[in-house]
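S.K.: Provided below are the primary sequence and the corresponding predicted coordinates.
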Amino acid sequence: GTADIGVTGLAVMGRNLARNLAHHGYVVAVHNRTESKTQELVENHAGEGAFVATGTTAEFVASLTKPRKAIIMVKAGPSTDAVIEDLAAHMEPGDMIVDGGNALFTDTRRREAALKERGILFVGTGISGGEEGALNGPSIMPGGSPEAYKSLGPILEDISAKVDGVPCCTHVGADGAGHFVKMVHNGIEYSDMQLIAEAYDLLRQALGRTPGELAEIFTEWNRGDLESYLIEITAEVLGHVDAETGRPFVDVVADRAEQKGTGRWTVQNALELGVPVTGIAEAVFARGLSGDVTRRQAARDLEGPIGSAPNYSLVDDVRQALLASKIVAYAQGFDQMAAASKEFGWNINLGDMATIWRGGCIIRARFLDRIRDAYAKDPGLPTLLASPSFSEALAEAQGAWRRVVSTAASIGVPTPGFSSALAYYDGLRRDRLPAALIQGLRDYFGAHTYHRVDREGVFHTDWSGDRAEHQEK
Ligand code: NDP
């Protein structure tokens, strides 16, 4: 074979990734289950670089130079297993299969272990940035063994986005680590979008601003601390007018948010690890609520607030609430990566994750530089909220943040993202939490025992008898 690398699965992502590789001078073997797509790619883009069109899987594998490297870009799930099986049957020990789809990290762990037994290197890699990123430089999050990264890494770094000359690609950690951080990236993306949607909704409901006026506010915000891809495209979407009706585009789109599942996976895993990712969870639940047509219809006549409290500085207050809530959501996502890294022995460098998300991906933002700096100063930082740069930003924003949450509550605009982030902030900073009462109740009804603040040991109070305290251990 003569091809440096191969791509199988030529829908939008695979096609653009193959073109990106070709643009960087690699000879790229291309393959797709439905062969016409392979022909289409080569016919439309032959001038961009060197493609080797292949028909059967055997031809595809044979076209690769040894040790072979094949990237899978197919619909995640059982299709990925089928394609892996098909490829592996034609491969030899030392060859490599790379899965660039949005696989669940536990599937990636299983696949890596199974292929290792057959001597085939398997790299599950997160790729973010949609079709545009795949073509011009995505953020790439490869897992797998360090050995696999040695030969694959330089190619992926080559085709990734660059920020200040630094590639948005690094070896994340063993087996499923890459797909894990891609999952958390998507979870953070959910919370980012929820917070942006709350900011828009609140300003529109409270101040009666039009989508066009709000587009200008978001454009303005994009010049400051909030500068990010998502804020930038929020301005574009809000400013867009529907050609057919002449109405704002946001007013003709059905208000039911859909999802493909990575947000849900993030929350499910967070529950298992015991990490409170309230920002991501509220975002997933808010999408669920938006799609619950039956209950929304049934609840339409529920009573709303009478009158409202004025908040004269609402526009800038909302900007600050958005920033503060975003800091919380990211802190929670990074906590989840830290917990998983410990659980699975991945040794994830959290500062590196902020670094490779600065470009190429959907959550790319100026803000990530600050996360990177925070972990550079203190790699063992227990929470981003406690790093000086963020604790100062939160101190500055908290007054506005509280006004926004109370304004939203008083006028009846739901802000689960802003509100839960503030509750998390206030929960973490509390000296004493009412969890002490919960422990008392648990001991009362279930003899679940408790610890004391003033002595070592495990205690139980005889609630049904003389209420004397007994030391259990
Ligand atoms: P799709 O997820 O729509 O998948 C379509 C591709 O999968 C086609 O090439 C199709 O082949 C192939 N396929 C499906 N089932 C099988 C099977 N059983 N055997 C062989 N091939 C099969 O394509 P996308 O380009 O949107 O995404 C590719 C991957 O990248 C997915 O895992 C997705 O989650 C991930 N991803 C997508 C992003 C995006 O913005 N779209 C962003 C980041 C990651 P055929 O033409 O024959 O039907």
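M.R.: Alright, I've got the coordinates.
S.K.: contacts, neighbours, all on C-alpha from now
M.R.: OK.
S.K.: mind listing the helices in the stretch 151-300 of the chain by residue range?
M.R.: 177-207, 211-221, 229-239, 249-252, 262-273, 278-291, 293-298 (DSSP state H, counting those that start in this stretch).
S.K.: Turn those into CSV, including distance to the ligand, mean neighbour count and mean pLDDT.
M.R.: Shown next, in CSV, are the helices of the stretch 151-300 of the chain (distance: least, Cα to the nearest ligand atom, whole Å; neighbours: other Cα atoms under 10 Å; pLDDT from 0 to 100):
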stretch, distance to the ligand, mean neighbour count, mean pLDDT
helix 177-207, 9, 23, 98
helix 211-221, 24, 19, 98
helix 229-239, 15, 19, 98
helix 249-252, 21, 14, 98
helix 262-273, 9, 18, 98
helix 278-291, 18, 21, 98
helix 293-298, 27, 10, 98
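S.K.: for the ones you listed, which one sits closest to W357?
M.R.: Closest to W357 of the helices of the stretch 151-300 of the chain is helix 177-207 (Cα to Cα; 8.4 Å).
S.K.: Run the chain-centre distance for that closest one.
M.R.: For helix 177-207, the separation from the chain centroid amounts to 9 Å (computed by Cα atoms, centre = their mean, to the nearest Å).
S.K.: now do stretch 275-294
M.R.: On Cα atoms, centre = their mean, the centre of stretch 275-294 falls 14 Å from that of its chain.
S.K.: Turn the helices of the stretch 151-300 of the chain into TSV, columns for distance to D431.
M.R.: Below are the helices of the stretch 151-300 of the chain laid out as TSV (distance: least, Cα to Cα, whole Å):
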stretch	distance to D431
helix 177-207	27
helix 211-221	35
helix 229-239	35
helix 249-252	44
helix 262-273	24
helix 278-291	20
helix 293-298	39
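S.K.: which stretch among those comes nearest Y444?
M.R.: Here helix 262-273 is closest among those (Cα to Cα), at 26.1 Å.
S.K.: If I take that closest one and helix 278-291, what angle do their directions form?
M.R.: For helix 262-273 against helix 278-291, the angle by axes from the mean of the first three to the mean of the last three Cα atoms, to 10 degrees is 130 degrees.
S.K.: by how many degrees do helix 262-273 and helix 177-207 diverge?
M.R.: 110 degrees.
S.K.: What helices and strands are in contact with helix 262-273?
M.R.: helix 177-207, helix 278-291, helix 314-344 (3 or more Cα pairs under 8 Å, 6 or more residues apart in numbering; DSSP states H and E).
S.K.: of all the helices of the stretch 151-300 of the chain, which lies closest to A134?
M.R.: helix 177-207 (14.6 Å).
S.K.: Indicate which one of the helices of the stretch 151-300 of the chain is closest to T461.
M.R.: Here helix 262-273 is closest among the helices of the stretch 151-300 of the chain (Cα to Cα), at 30.4 Å.
S.K.: Would you quantify the distance from the closest residue to the ligand within the stretch 201-350 of the chain to D242?
M.R.: With Cα to the nearest ligand atom as the measure, K260 is the residue of the stretch 201-350 of the chain nearest to the ligand, at 8.5 Å. Separation of K260 from D242 (Cα to Cα, to the nearest Å): 26 Å.
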